[in-house]
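Sequence plus predicted model, see below.
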Amino acid sequence: MKREKELIKFVKPFYAKRDTMHDFSHIIRIKKKVAILKRQYAKIDEDFLNFLIYLHGSRTWAKENKKKIIGFGYPSSWISKINKPTSPEGKLVWDANLLENVGKFGIKKNLECERYYKLYSSWEKIRKSRYKNKKRLGKEGIG
């Protein structure tokens, strides 16, 4: 339990920078869904399950902070299992995250993603038109 509290304290600043559909309240919703879904499994590693819940969707960030995470006592091999539904624990988190995409949260999430991609798409068009005929740096130098 102490290790879980340390992990929560560590990941909260990461999720504070995320959009409203992927902030720490999303993690709490996933944890609640997992609590219901895990009833169908006879044997679950709760420690591994909590690790995957708190770090799902943040594999790159977890790799960047590997030393700190290992310092909490988690095996380094667990980091490579984030977002990979290859174990019962991974499948539970994966399914709970998919369930997050239905209902009012799913609608809100899709609307936010649509806004993001429209913004990104507009910026990409501007960038391409602005730099269409200019020389760029590449592997070979100035082209």
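Great, that's in hand. Fair warning: this is a prediction, and the values are worked out from it, not measured in the lab. Numbering: from 1, shown residues only.

Might you report the residue contacts of Asn83?
56-57, 59, 90, 94 (C-beta atoms under 8 Å, 6 or more residues apart in numbering). For the C-beta atoms, the positions are set from N, CA and C on the backbone; glycine is no exception.

now the strands for the protein?
Assignment of strands within the chain using DSSP state E yields the ranges 137-138, 141-142.

For the residue nearest the centre of the chain, list the residues it contacts.
Note on the chain: the residue nearest the mean C-alpha position is Gly57, at 1.2 Å, using C-alpha atoms, centre = their mean. The neighbours of Gly57, taking C-beta under 8 Å, 6+ apart as the test, are 22, 83, 97.

Any chance of the backbone angles for Asn83?
phi 70, psi 20 (degrees, to the nearest 10).

gap between it and Thr20?
Distance of Asn83 to Thr20, given as C-beta to C-beta, to the nearest Å: 21 Å.

same check, this time on Asp47
Taking C-beta to C-beta as the measure, Asp47 falls 29 Å from Thr20.

the more surrounded of those two?
Per other C-beta atoms under 10 Å, whichever of Asp47 and Thr20 has more neighbours is Asp47, with 16 against 11.

Ile53 is in contact with the more buried one, correct?
No. Look at Asp47 against Ile53 with C-beta atoms under 8 Å: they stay out of range, at 10.9 Å.

ok so, going back, output the contacts of Asn83 as a markdown table; include the columns pLDDT.
A markdown table is the format used below for the contacts of Asn83 (pLDDT from 0 to 100):
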| residue | pLDDT |
| --- | --- |
| His56 | 91 |
| Gly57 | 84 |
| Arg59 | 89 |
| Gly90 | 94 |
| Trp94 | 92 |
